[in-house]
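Asks: mind looking at a prediction? Sequence and model below.
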Amino acid sequence: MDAHEIEVKHRQRFEFGSNWRKFLQGVGEKEVAAASSSPLTALGCKRLDGSTFLDVGSGSGLSSLAAWRSGAHVVAFDFDPESVACTLELRRRRSAPEAEWTVLRGSILDRTFLASLGTFDIVYSWGVLHHTGAMWEAIDNAASLVGPEGRLFIAIYNDQGAICIYWRLIKKMYNRWPVWRVLLLAVRLPYFCAVRAAGSIARRLRRKSHDLRGMHFMRDVVNWLGGYPFEVASMDDVVRRVRSAGFSVVYSKSVGRRSGCNELVFQRDR
């Protein structure tokens, strides 16, 4: 067995790919459009024509598809074999040439594998690096793949202090004892529904739209409950870490004191 299979067997890792496979069953143009708008806004681009784009932890493949549709030459990889299969399936559906959208299996913690990739204009990893079990090493490795004056776009779970200890326990329980999964879903689902409803009302009052990045509600809930390994970081800590590697912040989006991911786009200094 490889490292992923061993971690899953010992119930130390959530099978994201299995959840993504279910998500793909309902993916249509609406989801693709939502996934396309979010990164382009953060990167300050209307399109990515001619750019090289690395999708670290491709998951469903939706972000890779969005980058390819925007004109980028895409390389995507994931540690989870089911996620790799999902990305390949999306590429097949769109009849995208392999030369324009390469899909690989690999780990952001495997430096030998990373050395074979080269560097990229844009390195993108949304909500992935904190699930590796070695978040800071993963962030450093992702930054090392950014080419001259290139950009690093990452989203990392917000550090909320003690409440993160609670969520880490929930996630461990979800993975360690499958019998608990139905119970946890039953207990926590009303909470997630209430949070979503409250957010929807607040956005309507502010006349703001909400970008779900193409995600479906139930698949998002399962990803959150099961997402283990699980690490967190404050936005300031992430900024200090990446700046020390020779980058400047060009975009940031904070979730404040709430749960969720802080988004950051860095540009490599000249």
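Replies: Happy to help now that I have it. Numbering: from 1, shown residues only.

Asks: so how far is C261 from I139?
Replies: 13 Å (CB to CB, to the nearest Å). Heads up, the C-betas are built off the backbone N, CA and C, glycines and all.

Asks: who has more neighbours, these two?
Replies: Per other CB atoms under 10 Å, whichever of I139 and C261 has more neighbours is I139, with 23 against 19.

Asks: hmm, the more buried one is touching R243, no?
Replies: No: if you go by CB atoms under 8 Å, I139 and R243 don't touch, sitting 11.7 Å apart.

Asks: residue contacts, F247?
Replies: With contact taken as CB atoms under 8 Å, 6 or more residues apart in numbering, F247 is in contact with A143, V146, L152, F266, Q267, R268, D269.

Asks: which among those residues count as buried?
Replies: Neighbour-count burial (16 or more other CB atoms under 10 Å) is assigned, among the contacts of F247, to A143, V146, L152, F266, Q267, R268.

Asks: farthest pair in the residues you listed?
Replies: Farthest-apart pair in these is A143 and Q267; separation 11.3 Å (CB to CB).

Asks: what do these two both touch?
Replies: Any residue near both A143 and Q267 by CB under 8 Å, 6+ apart counts here, and that gives L152, F247.

Asks: can you get me a residue count around R94?
Replies: 14.

Asks: so who does it touch?
Replies: Neighbour list for R94: L65, W68, R69 [criterion: CB under 8 Å, 6+ apart].

Asks: for this protein, just list every one of the helices.
Replies: Chain-ordered helices for the chain, with DSSP state H as the definition, fall at 3-9, 16-24, 29-43, 62-69, 81-93, 111-115, 135-144, 162-176, 179-206, 217-226, 235-243.

Asks: check the ones you listed for me: which has the lowest mean pLDDT.
Replies: Confidence, taken as mean pLDDT, is least for helix 179-206 of these (a mean of 68).

Asks: next one: phi and psi at S116?
Replies: Torsion angles at S116 (phi, psi; degrees, to the nearest 10) stand at phi -80, psi -10.

Asks: quick one: the contacts of R94 as CSV, columns for distance to T119 and neighbour count too.
Replies: Written out in CSV, the entries for the contacts of R94 read as follows (distance: CB to CB, whole Å; neighbours: other CB atoms under 10 Å):
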residue, distance to T119, neighbour count
L65, 22, 27
W68, 19, 23
R69, 23, 18
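
Asks: with distance to V103 added, can I get the residues you listed in JSON lines?
Replies: Shown next, in JSON lines, are the contacts of R94 (distance: CB to CB, whole Å):
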{"residue": "L65", "distance to V103": "11"}
{"residue": "W68", "distance to V103": "11"}
{"residue": "R69", "distance to V103": "15"}
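
Asks: just the residues you listed now: which is nearest V232?
Replies: Taking CB to CB as the measure, V232 lies nearest L65 of the contacts of R94, at 28.4 Å.

Asks: neighbours around the closest residue to that closest one other than its chain neighbours, how many?
Replies: Excluding the flanking residues, the one nearest L65 by CB to CB, 6 or more residues apart in numbering is L90, at 5.1 Å. By the measure other CB under 10 Å, the count of residues near L90 is 23.

Asks: what's the spacing between the residue lying closest to G71 once chain neighbours are set aside and A186?
Replies: Spatial nearest neighbour of G71, excluding adjacent residues (CB to CB, 6+ apart): D49 at 3.4 Å. According to CB to CB, D49 stands 48 Å off from A186.

Asks: try A67
Replies: 37 Å.

Asks: which residues are common contacts for I139 and C261?
Replies: I156.

Asks: so N158 sits right up against D236, yeah?
Replies: No: in this structure, N158 sits apart from D236 without contact. The criterion is CB under 8 Å, and the distance is 11.1 Å.
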